[in-house]
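Novice: quick one, structure for this:
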Amino acid sequence: MCGRYQLNKIPREIREWFPPTWRWKFPGDITPRFNIAPSSKALVVRMDEQGPVGEMLTWGFRPHWMQQKSEAQINARAETLFETRMFRQSAQSRRCLVIADGFYEPKGRTQPRP
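Specialist: Numbering: from 1, shown residues only. Predicted structure coming up:
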């Protein structure tokens with residue numbers, strides 16, 4: 001499990017990782033980020049009617065039946081992903097790719113450094 005991750009690339013570098021047919025809907029002024037935290041906006045790739053699209057979405061998962069945004073989950077165990085009520089239905093059809101080049105679990109109050 002991880003509580004923070006990083007994306008230490010600029011938009012041009014990110015686009016080079018993926019096929020040229022993928023669409024991107026994110027600001028051109030994205031800067032490298034070393035401390036992406038839960039509930040932050042972050043770059044992901046998801047599928048829409050036209051195919052893969054990269055865009056900024058909020059980190060956290062909240063199924064349709066969960067009322068409080070504050071209860072959103074930030075990670076899941078692969079071993080039980082298709083068994084738990086929380087993730088089962090979405091894991092089968094609503095996946096996304098989180099764009100990252102590092103992840104970690106902070107210890108104490110220190111801030112991560114590049």
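
Novice: what segments of this protein are helices?
Specialist: Remark: helices assigned in the chain by DSSP state H are 11-16, 88-93.

Novice: for these, give me CSV that also has mean pLDDT, distance to Thr80 and mean neighbour count.
Specialist: Every C-beta, even on glycine, is put in place using the N, C-alpha and C of the backbone. Listed next are the helices of the chain as CSV, based on pLDDT from 0 to 100; distance: least, CB to CB, whole Å; neighbours: other CB atoms under 10 Å:
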stretch, mean pLDDT, distance to Thr80, mean neighbour count
helix 11-16, 90, 31, 13
helix 88-93, 87, 9, 12
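
Novice: okay if I get those as a markdown table plus distance to Asn75?
Specialist: As requested, the helices of the chain are exported to a markdown table (distance: least, CB to CB, whole Å):
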| stretch | distance to Asn75 |
| --- | --- |
| helix 11-16 | 22 |
| helix 88-93 | 13 |
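
Novice: who wins for proximity to Val53 among those helices?
Specialist: Nearest of those to Val53, taken as CB to CB: helix 11-16 at 12.4 Å.
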